[in-house]
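Engineer: A predicted structure for the sequence below; I have some questions about it.
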Amino acid sequence: MDTIAYFGHHKCASTYIMSVLRGVAQFLGLRLCSEYVSSRLPLGYEKKPEQADRIKKAYQRLATASYDVLGHGNADNAVVATLENRGPFRGFHVIRDPRDLLISGYFWHTSENSIDKNPANEWNVERRQRLQGMPNKEMGLLQELEFSSCYLAAMAAWNYQQRNILEMRYEEMAGNPRIFFTSAFSFCGLPLVKQSRASMQRILLNQLTLRIFGRPVLRVHQLPERILEQILESRAFSQQTNGRPCGTEAPEHKYRKGSPGDWRNHFTPRITGAFKERYGHILEQLDYEENEHWSIERKSL
């Protein structure tokens, strides 16, 4: 079985997708490697010696660790190259409308909950201090546009023509998570199957040995439909927000709103102009807009 890989980006539902991936791997007895460190960091922090060493060690782990499934929440072409050197793999790559990425990033990085207690993520403190020092939301979003440059650059530089990587979108997942993950796992060589007594016995044995010994004893290469449904139900938006439905906003929460297209509620003419000047080409490249004439009020003609 080829390695299964998920390639994501910051504020593209990577926490949620990684959670689903972790649930699937645990049920099937597959070894999971999860990583978020990328070769470029906000505010140029990748140039600091301690961060450069951290990045180097992260890529060494990707190259040498034993795993069946890789989940990378801040992937770039260097991650793909590292995986290619390990051997055959099939994966899926998830992007999001860069304008929604910007809005999601701004609200998260200004919230109290965004401060990572891990000292290795020291840029989070500086980023939050700068954002909170802005006189208004418009200025804050312009500042967030600068912070997001490393994430948007990774999306723009990605090779979208790789035959062993399925290109997917956040918007597809928000519309129908079951179809989204069924397509992703099937492409990666993990097809969904009807429930069977034999498959459930193997999965239950894995769960038992996982609780007792900390590791499963079998690897299952088929995903029962019921198992995926249970995993998705337990990790649904409303389950993560104490019943708050998708589309209802809670600015301080990790799962703030969840609905695509929220950028229209926050972009101003100034933000629109700044985004077009720096990143307008990305929207056309990723087919989120047909041309540069998009606006807050309407889609491009």
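Structural biologist: Perfect, thanks for sending it.

Engineer: Moving C-terminal from the strand ranked longest in the chain, which element do we reach first?
Structural biologist: Across the chain, the strand with the greatest residue count (assigned by DSSP state E) is strand 89-95. Of the helices and strands lying after strand 89-95 in sequence (DSSP states H and E), the nearest is helix 98-109.

Engineer: thinking again about what came up before, relative to helix 98-109, how tilted is the longest strand of the chain?
Structural biologist: 80 degrees (axes from the mean of the first three to the mean of the last three Cα atoms, to 10 degrees).

Engineer: Tell me which residues of strand 89-95 come out buried.
Structural biologist: 89-95 (16 or more other Cβ atoms under 10 Å). The way it works is simple: take the backbone N, C-alpha and C, and place the C-beta from them, glycine included.

Engineer: Looking at these, spot the one nearest Glu290.
Structural biologist: Ile95 (17.2 Å; Cβ to Cβ).

Engineer: wait, that closest one sits on Met155?
Structural biologist: Yes. The pair Ile95 / Met155 is scored as a contact, 5.7 Å apart, by Cβ atoms under 8 Å.

Engineer: what residues are shared contacts of the two?
Structural biologist: 9, 286 (Cβ atoms under 8 Å, 6 or more residues apart in numbering).

Engineer: Relative to Ser259, how far out is Phe89?
Structural biologist: Counting by Cβ to Cβ, to the nearest Å, the gap from Phe89 to Ser259 is 32 Å.

Engineer: Where does Ser259 sit, in terms of helix or strand?
Structural biologist: Using DSSP H and E, no helix or strand contains Ser259.

Engineer: Quick one, grab the pLDDT at it.
Structural biologist: In this prediction, Ser259 carries a pLDDT score of 77.

Engineer: hmm, back to that, let's have the buried residues of strand 89-95 in CSV, adding pLDDT and distance to Leu83.
Structural biologist: Listed next are the buried residues of strand 89-95 as CSV, based on pLDDT from 0 to 100; distance: Cβ to Cβ, whole Å:
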residue, pLDDT, distance to Leu83
Phe89, 97, 5
Arg90, 97, 10
Gly91, 98, 8
Phe92, 98, 13
His93, 98, 12
Val94, 98, 16
Ile95, 97, 18
